[in-house]
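Asks: this one's structure only:
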């Protein structure tokens, strides 16, 4: 449990009011009111600055919420054929598609569905430029600013060895006449200052190029809907760079759209104390880190637990799979959890439902929609053995 990444989410919002025993287990629960509150923050931001905001489907792409999200945002950014098709079917507005590398077999369908195509390299730009023009796509190029304040290298898209984007100092090799816009992404769960610092590092190189372009996309990772985000500074900054570049400014948040709007409810299915008195208590849940919340292992990070006390009985929460590392984290409980007790892991809307798997035959959590304003609760998706079987054959 060393080198645990500190995630910035974990505000319980109204989830203390939810009766966890009314739900199937395990189950993702999205609070519609919390999602709307986030969307209102983003809508006000774009209304007051003139920017456009696209939801990053890689973080959250539940079709149920497509119509609602489309009321507030300007469209979607996708990462390939399937996300682009989902965007076209369930969301409204603009579709901007970026991929580290487009496959030839997919490009015509992707380009036909998209409004913007963002290439990752000069090779792909030159190879598929004529096809993109044929489908009337706006064409962009992702650049690597070679500057980031992200400490976890797994999430640093702007390192010198990153596969994402052309190095800023290689742009002289690009025919700018082929481009409508530039895209860069340097943030991860960050406040305003890292964005401003990035711009300070690259603006002298970027502004002359942008004068010949139509738009500039600042990527995602902006934690705009977090309580401590310096949103007034962001508003001033966005207006300033719009003036400096004469470009339409885009951002494409994923986490910020659904931050703290979802939980993952689970049940204790066994609980015991190892013979070694120095070892913490252990509880097995029907929530699997590897199958349901893989970022817990990949980052790694320790997600927040609803109603965790400051002290008490220390318990390691583990999942039901056979992977030795299927550990959610170590938590405080007022007493050793009992079989049948319910728990809730906070801030589980983003990068969870999009990453779930049937590893080890562990079932995928159901999905429920809750409205904290009126306590309305609806389970919109459940999974079965047939889903597991059909995935493999």
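Replies: Cool, got the structure. Keep in mind that what you see is a predicted model, and the values were worked out from it rather than measured.
Asks: show me where the stretch 51-200 of the chain has helices.
Replies: Per DSSP state H, counting those that start in this stretch, the stretch 51-200 of the chain has helices spanning 66-72, 81-90, 104-113, 122-134, 192-210. These are given in chain order.
Asks: Residue 358 is nearest to which of those helices?
Replies: The closest approach between residue 358 and any of these, judged by CB to CB, belongs to helix 81-90 at 17.9 Å. For the C-beta atoms, the positions are set from N, CA and C on the backbone; glycine is no exception.
Asks: Measure how the closest one sits relative to helix 104-113, angle-wise.
Replies: Direction vectors for helix 81-90 and helix 104-113, defined by axes from the mean of the first three to the mean of the last three CA atoms, to 10 degrees, enclose an angle of 20 degrees.
Asks: got the buried residues for helix 81-90?
Replies: Buried positions in helix 81-90, judged by neighbour count with 16 or more other CB atoms under 10 Å: 81, 83, 84, 86, 87, 90.
Asks: and that helix, how far out from the chain's middle?
Replies: Average the C-alpha atoms of helix 81-90, do the same for its chain, and the two points are 17 Å apart (CA atoms, centre = their mean, to the nearest Å).
Asks: can you list contacts of it?
Replies: Contacts made with helix 81-90 from outside it, assessed by CB atoms under 8 Å, 6 or more residues apart in numbering, are listed as 57-58, 61, 63, 66-67, 75-76, 78, 95, 97, 106, 109-110, 113-114.
Asks: Would you mind reformatting the buried residues of helix 81-90 (as TSV) and adding columns for distance to residue 12 while you're at it?
Replies: Shown next, in TSV, are these (distance: CB to CB, whole Å):
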residue	distance to residue 12
81	37
83	30
84	35
86	30
87	31
90	29
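Asks: quick one: residue 359 from residue 18, how far?
Replies: Per CB to CB, to the nearest Å, residue 359 is found 28 Å from residue 18.
Asks: Kindly report the same for residue 106.
Replies: When CB to CB is the yardstick, residue 106 and residue 18 sit 41 Å from each other.
Asks: do you know which of the helices of the stretch 51-200 of the chain lies nearest residue 49?
Replies: Closest approach to residue 49 among those (CB to CB): helix 192-210, 13.2 Å.
Asks: tell me what the closest one is packed against?
Replies: Using 3 or more CB pairs under 8 Å, 6 or more residues apart in numbering; DSSP states H and E as the contact criterion, the neighbours of helix 192-210 among helices and strands are strand 181-183, helix 231-245.
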